[in-house]
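Novice: Generate coordinates for the sequence data below:
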Amino acid sequence: MTLDSLKPGQTARIVAVAWDVLAPDEGKRLRALGFDEGAEVGVSYRGVFAGSDPLAITIGRMTVALRRVHAAAMAVEQL
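Specialist: Next comes the predicted model:
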């Protein structure tokens, strides 16, 4: 299961990130925000445009707007 497949209100733990599918600068920014293996995340909201982009992802006490392509690179296990 990937992060982009979670529904609003669901929470999960990131188990793997396919860093090779992301541009190096994008990966660096995501790591700086805490998106890495072991982080607990939740989907707060899905956008209404073009395939539900962007996603509002809660990580820690932050809510971050994340493109669906970035969320698809993160494998998660539902909590």
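
Novice: And for the helix or strand of the chain with the lowest mean pLDDT, what's in contact with it?
Specialist: Of all the helices and strands that make up the chain, strand 40-49 has the lowest average by mean pLDDT, DSSP states H and E, namely a mean of 86. Strand 40-49 is contacted by residues 3, 6-14, 35, 52-59, 63, 76, 79 when judged by CB atoms under 8 Å, 6 or more residues apart in numbering. The way it works is simple: take the backbone N, C-alpha and C, and place the C-beta from them, glycine included.

Novice: Over to stretch 67-78?
Specialist: The contact list for stretch 67-78 (CB under 8 Å, 6+ apart) reads 1-4, 6, 10-19, 21-22, 26, 30, 35, 41, 51-55, 57.

Novice: Type out the ChimeraX command that picks the buried ones from these.
Specialist: With 16 or more other CB atoms under 10 Å as the burial test, the buried ones among the contacts of stretch 67-78 are selected in ChimeraX as follows:
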select :2,3,4,6,12,14,17,22,30,35,41,53,54,55,57
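
Novice: ok so residue 28 is a helix residue?
Specialist: Yes: under DSSP: H, G, I helix; E, B strand; the rest coil, residue 28 falls within a helix.

Novice: Next, the distance between the ends of stretch 37-53.
Specialist: Length of stretch 37-53, first residue to last, CA to CA, to the nearest Å: 23 Å.
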